[in-house]
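K.L.:
below are the sequence and a predicted model for it; my questions follow.
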Amino acid sequence: MFEALVTVCLTLSDGPCRDQLLPGYEAATEAQCQELLAADPPVAAEGLMVRDAPVCRPVGISLSFQEVAPGVFAHLGQIAEPDRTNRGDISNIGFVIGPDSVAVIDTGSAPWMGEGTWRAIRAQTDKPVSHVILTHMHPDHVFGTAPLATSGAQVVGHAGLTRALVDRMGNYVESFGSLIGPEELVGVGPVPVELAVDGTHQIDLGGRVLELRAWPTAHTGNDLTVLDHGSGTLFAGDLVFHRHTPALDGQLLGWQAVLAEMAEIDAVRVVPGHGGPVLDWPGGATDQRRYLEVLERDTRAAIDAGARLGDAVESIAESEAEHWDLFEAYNPRNATVSFTELEWE
């Protein structure tokens, strides 16, 4: 199999540049791929410079996915901080194949991950990718969206996602680019949320129905879950963490309330945002619910004792350290957010 690539740059004079996949031009032979390019020449994304004409090359490397239920696939990201070695492959991605089309849930940290997801889907089916569903605003879940959106998929997210990304996009691109390399983020721009979910919404993949639900402020202010009724699989995004220390970027009490409500969802398994990549439901959230309870308990005790924030952060939830990876990177942040929230309760 062959696919079409084009070299795109932020500026032609000094880059950075990367080879960008052009979805939809896959063919059995190089000649057929070139015929597709000639018949329907691609248009470069706004803000990017094209260095050379598109070319056809053998299909590149796919992301690895495992089938966790019939027609349901999950990619396990590394439990790690983003860096130039892992290229940002630190979060989970999923896709569901329906009778008529495919829905992707989250897209990873960079365009190469969206491209790797496209290739993985094409290895399973030639059905169109009709929807890209984003579970929340964090860059490790949304920065791979562009290649899939270019293929014609409708981008779906929480009603608060667009505003949250607009407010943070510049900082996200700068900080993530410094960690994984600016060339990895060539092609990342505003995420075009075309269907904003406020409450619940159903997506029909041709008799296979996905139920989307927007939640009140919890992990973030724009968390969205996806339930595949056909298999009983719940895609929780970062509302559920496994192994990776939970990251609080919203409200502690809100997150606890949302998890309690989510426990009533009629699902068999859950794909968390990190770890797994598949766990029993609702048992798969037991460790995280305990962590958040300890975080709340210790924070309240520190406040009641009159501790200052700088001192309290050193001890809050320290008993949980042995149960989680990346604890020193995330727990102090969580303790800070928790202390600030509960101090003025």
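P.N.:
That came through, no problem. These figures come from a predicted structure and were not determined experimentally. Numbering: from 1, shown residues only.

K.L.:
drop to CA atoms for contacts and neighbour counts, all remaining ones
P.N.:
Fine.

K.L.:
in the protein, spot the strand with the most residues.
P.N.:
strand 17-27 (DSSP state E).

K.L.:
list the neighbouring strands of it plus their orientation.
P.N.:
strand 2-9 (antiparallel) (DSSP bridges).

K.L.:
residues in contact with the strand it pairs with: which ones?
P.N.:
15-23, 25-30, 33, 37, 48-59, 186-187 (CA atoms under 8 Å, 6 or more residues apart in numbering).

K.L.:
ditto for stretch 279-291
P.N.:
240-242, 246, 256, 259, 263-264, 267-272, 317, 320.

K.L.:
quick one: mean pLDDT for that stretch?
P.N.:
Averaged across stretch 279-291, the pLDDT comes to 98.

K.L.:
buried sites along that stretch?
P.N.:
279, 281-282, 284-285, 287-289, 291 (16 or more other CA atoms under 10 Å).

K.L.:
what about the strands in the stretch 201-345 of the chain?
P.N.:
Under the criterion DSSP state E, counting those that start in this stretch, strands of the stretch 201-345 of the chain are mapped to 209-214, 224-228, 233-241, 269-274, 279-280.

K.L.:
partners of the last one in the sheet?
P.N.:
When you say that, I think you mean strand 279-280. Looking at strand 279-280 with DSSP bridges, its partner strands are strand 269-274 (antiparallel).

K.L.:
now swap in the third one and tell me
P.N.:
For strand 233-241, the paired strands and their directions (DSSP bridges) read strand 224-228 (antiparallel), strand 269-274 (parallel).

K.L.:
figure out how far the shortest one is from the centre of its chain.
P.N.:
With CA atoms, centre = their mean, to the nearest Å as the basis, strand 224-228 stands 13 Å off its chain's centre.

K.L.:
could you do stretch 49-56 as well?
P.N.:
The answer for stretch 49-56 is 28 Å, by CA atoms, centre = their mean.

K.L.:
kindly check the end-to-end length of that stretch for me.
P.N.:
Separation of the first and last residues of stretch 49-56 by CA to CA, to the nearest Å is 19 Å.

K.L.:
before we move on, back to that, just to be sure, which of the buried residues of stretch 279-291 are found in helices?
P.N.:
287-289, 291 (DSSP state H).

K.L.:
in TSV, list the residues you listed along with distance to A196.
P.N.:
Below are those laid out as TSV (distance: CA to CA, whole Å):
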residue	distance to A196
D287	31
Q288	28
R289	28
Y291	31
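
K.L.:
and which of those is nearest E341?
P.N.:
Using CA to CA, Y291 comes nearest to E341 of these, at 16.7 Å.
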